[in-house]
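>>> quick one: sequence and predicted model below, then my questions.
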Amino acid sequence: MSTVAAMNQPADPEKTTQSTVESEALARAIVAFCDEAKAGEIQVLNVLEQVGYTDFFVVCSGRSDRHVRAIHDLVWDELADEKVKPLSVEGVDAAQWILMDYGSVVVHIFYEPVREFYALERLWSEAPRLDLAPADQ
């Protein structure tokens, strides 16, 4: 089983350090796929201390509904290749705000004006941000 496939575990209130590390690795893999799809303003919020249903939110933007859908498609396809499927997906038809729930990581892909309106980062302002710089820098 691949590393990414092993990470698709639902959030558990009694998390171990290992599961948090796996969740972070999944979040970083999703960030890489979003970046490959040219998503804008990618951020990862560590919500482990705020909620009991997930560890991280990955938040990004697309410039149009087609771009939002393309980001979704790339994340879906790349993780499906690793045998990782989301628990649920919402919003694909309208492609204004697509939510992909991978258990320990929830992905929010917004059309830019919709992201500005809902301002998730402001709502979750107390959640620490994951440093997205490559580890070798």
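Great, that's in hand.
>>> please count neighbours and contacts with C-alpha atoms only from this point.
Will do.
>>> tell me where the model's unsure across the chain.
The model of the chain has pLDDT under 70 over residues 1-18, 133-137.
>>> show me where it has its helices.
Assigned by DSSP state H, the chain shows helices spanning 3-6, 17-36, 65-81, 112-118, 120-123.
>>> what angle separates the second one from helix 65-81?
Between the direction of helix 17-36 and that of helix 65-81, the angle (axes from the mean of the first three to the mean of the last three C-alpha atoms, to 10 degrees) works out to 140 degrees.
>>> now helix 17-36: buried residues?
19-20, 22-34 (16 or more other C-alpha atoms under 10 Å).
>>> out of those residues, the closest to residue 124 would be?
The closest of the buried residues of helix 17-36 to residue 124 turns out to be residue 27 (C-alpha to C-alpha; 17.0 Å).
>>> look up the closest residue to residue 23, ignoring the ones flanking it.
residue 104 (5.7 Å; C-alpha to C-alpha, 6 or more residues apart in numbering).
>>> I figured that neighbour hits residue 30, correct?
No: the pair residue 104 and residue 30 does not pass the contact test of C-alpha atoms under 8 Å, sitting 12.0 Å apart.
>>> what's the local residue count around residue 41?
When counting by other C-alpha atoms under 10 Å, one arrives at 12 neighbours for residue 41.
>>> contacts only, for it.
Residue 41 makes contact with 59-61, according to C-alpha atoms under 8 Å, 6 or more residues apart in numbering.
>>> contacts only, for residue 20.
Counting by C-alpha under 8 Å, 6+ apart, residue 20 has contacts residue 55.
>>> rewinding a little: just give the number of residues close to the residue nearest to residue 23.
Burial of residue 104 is recorded as 25 neighbouring residues (other C-alpha under 10 Å).
>>> please apply the same query to residue 118.
12.
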